[in-house]
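Engineer: Build me a model from this:
(one chain, ligands or ions: 1)
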Amino acid sequence: MDFADMKNKMLEEQIRGKGIKDEFVLAAMSKVPRHRFVEESLQEQAYNDYPLPIFGGQTISQPYMVALMTECLQLKGGEKVLEVGTGSGYQAAILAEIADKVYSIERDPHLARAACELLNELNYVNVIIKVGDGTLGWREFAPFDGIIVTAGSPVVPQPLQEQLRDGGRLVVPVGSSSFQNLMCIERKGSKLKSQEVCGCTFVPLIGNHGWKQE
Ligand code: SAH
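Structural biologist: Residues are numbered from 1 along each chain as shown. Okay, the predicted model is just below:
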């Protein structure tokens, strides 16, 4: 099986097969070469149904989780999206396939640089990455139509709630360091409507409005 076959199998069994229906998400998942986002020795496993380690003890999320979180944002094209936790850049690439502009923040400079180089190489010119504390959001470009946090937080970071556009959605895993609930929060005027999607386990979100230390 080559990578294209593995990608198709992943799409059928893990993404469509587990209930992801959003055509924008399905199209994006079918395009992005996930094996390019992991180290060479792990490429054969890139389309399997589990997360994989990346640099610095971090992880690239399981394909289904990437699809589910993206589906929660209900993007239709043309949006401005903020991602907190660039990691490998895979989730950013998925978002970039659908949205107009993706702003992504990563606290680890090594990961940020590697993701930036890879996304450039793969021609994702609509992703802008910066090194910093993503729990503070990115005021300069706010408000966002969608915000996705790909690390687990003890609380919903206040700045991210504030930087969400009316009608926009924020997806964030909230809970303890070992287990979180995936929350999907929608802004309706000054009100925030929140829904629990499922249980999940992410690496910790470390910052001012997240976990205070490693
Ligand atoms: N979305 C990534 C997975 C990221 S894993 C992908 O598709 O590969 C979570 C990432 O969040 C890690 O790289 C970690 O360094 C980063 N992170 C943790 N706390 C952060 C913070 N406050 N701001 C920005 N990035 C953070």
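Engineer: what about the residue nearest the centre of the chain, which SS state?
Structural biologist: For the chain, residue 91 is the residue whose C-alpha lies nearest the centre (Cα atoms, centre = their mean; 4.3 Å). State at residue 91, reduced to three classes by DSSP: H, G, I helix; E, B strand; the rest coil: helix.
Engineer: Tell me how far it lies from residue 60.
Structural biologist: 8 Å (Cβ to Cβ, to the nearest Å). Every residue, glycine included, has its C-beta placed from N, CA and C.
Engineer: what do you get for residue 98?
Structural biologist: 19 Å.
Engineer: Point out where the protein drops to low pLDDT.
Structural biologist: Low-confidence segments of the chain, defined by pLDDT under 70: 214.
Engineer: Would you tell me which residues of it are close to the ligand?
Structural biologist: Proximity of the chain to the ligand, by Cβ under 6 Å from any ligand atom, involves residues 58-61, 84-85, 87-88, 90-91, 105-108, 111, 133-135, 150-151, 203, 205-207, 210.
Engineer: Could you list the residues in contact with the longest helix seen in the chain?
Structural biologist: Assignment by DSSP state H gives helix 109-121 as the longest helix of the chain. Outside helix 109-121, the residues within contact range by Cβ atoms under 8 Å, 6 or more residues apart in numbering are 36-37, 54-56, 58, 86-89, 92-93, 96, 104, 106, 127, 129-131.
Engineer: swap in stretch 128-144?
Structural biologist: In contact with stretch 128-144 (Cβ under 8 Å, 6+ apart) are residues 79-86, 89, 92, 101-109, 112, 115-116, 119, 147, 149, 153, 157, 159-160, 162-166, 168, 205, 207-210.
Engineer: Many thanks, have a good one.
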